[in-house]
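Q: could you look at this predicted model? Sequence included:
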Amino acid sequence: MAAPAMPLGEEFQPEAAIVNYFGSGDTLGGHLDDMEADWSKPIVSMSLGCKAIFLLGGKSRQDLPIAMFLRSGDIVLMAGKARECFHGVPRIFTDGENAEIAPLELQFSDQDDLCFLEYIRTSRININMRQVF
């Protein structure tokens, strides 16, 4: 997934991942992912579970952000100038009408799967993979 954003002739070699868990009412304030030694490498961000609003702003907290819906299975590739932009998650949707997890619900239809189904109805997980060096 990172190949289109890599500098010519280089490969993406993920060395770390951050896993963010969101329950009902959780948010992630505007921030920069700025701990990597080399910002020329992209961040591959995968969403699982409930739908969320993702805001991508600019280099300043005062820049107006662009809002996007992220659904389960969506991948965001943050590369180039986007690596220098503030971003955050102000809301997730855990209610049945707006969560948009029907494809996942079909995979958890057995009686033994009810605990997993309840978990994905009320949760969102985001996994950010990155090359640190």
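A: Sure thing, it's come through. Numbers count the residues shown, from 1 in each chain.
Q: now M46. Its backbone dihedrals?
A: Backbone torsions for M46, taken as degrees, to the nearest 10, come to phi -110, psi 130.
Q: so what does the nearest residue to it once chain neighbours are set aside have for phi and psi?
A: Take M46 and drop its neighbours on the chain: the residue closest to it by CB to CB, 6 or more residues apart in numbering is I127, 4.8 Å away. Any C-beta I mention is one placed from the backbone N, CA and C, and that applies to glycine too. Per-residue torsions, I127: phi -120, psi 120 (degrees, to the nearest 10).
Q: what's opposite I127 in the beta bridge?
A: Under the criterion DSSP bridges, I127 forms beta bridges with V19, M46.
Q: tell me how many other residues surround it.
A: By other CB atoms under 10 Å, the residues close to I127 number 14.
Q: what sits against it?
A: Going by CB atoms under 8 Å, 6 or more residues apart in numbering, I127 touches A17, I18, V19, N20, S45, M46, L48.
Q: kindly report the same for V76.
A: Neighbouring residues of V76 by CB under 8 Å, 6+ apart: V44, S45, S47, F54, M68, L70.
Q: can you pull the pLDDT of the last one?
A: The model reports L70 with a pLDDT of 94.
Q: distance of it from F54?
A: Distance of L70 to F54, given as CB to CB, to the nearest Å: 5 Å.
Q: same check on G23?
A: From G23 across to F54, the span is 17 Å (CB to CB).
Q: quick one, which of the two is more surrounded?
A: The neighbour comparison of G23 against F54 (other CB under 10 Å) goes to F54, with 22 against 12.
Q: secondary structure element for that one, which one?
A: Taking DSSP states H and E as the definition, one finds F54 inside strand 52-56.
Q: verify the stated contact: R91 with A52.
A: Yes - assessed by CB atoms under 8 Å, R91 is found in contact with A52 at 6.6 Å.
Q: settle it for me: which of those two has more neighbours?
A: A52 (24 against 16).
Q: quick one: residues contacting that one.
A: Neighbours of A52 in contact, by CB under 8 Å, 6+ apart: F22, F69, L70, V89, R91, I92, F93, R124, N126.
Q: for the closest residue to it other than its chain neighbours, give me the pLDDT.
A: The shortest distance from A52 to any non-neighbouring residue, by CB to CB, 6+ apart, is to I92 (4.4 Å). pLDDT, I92: 92.
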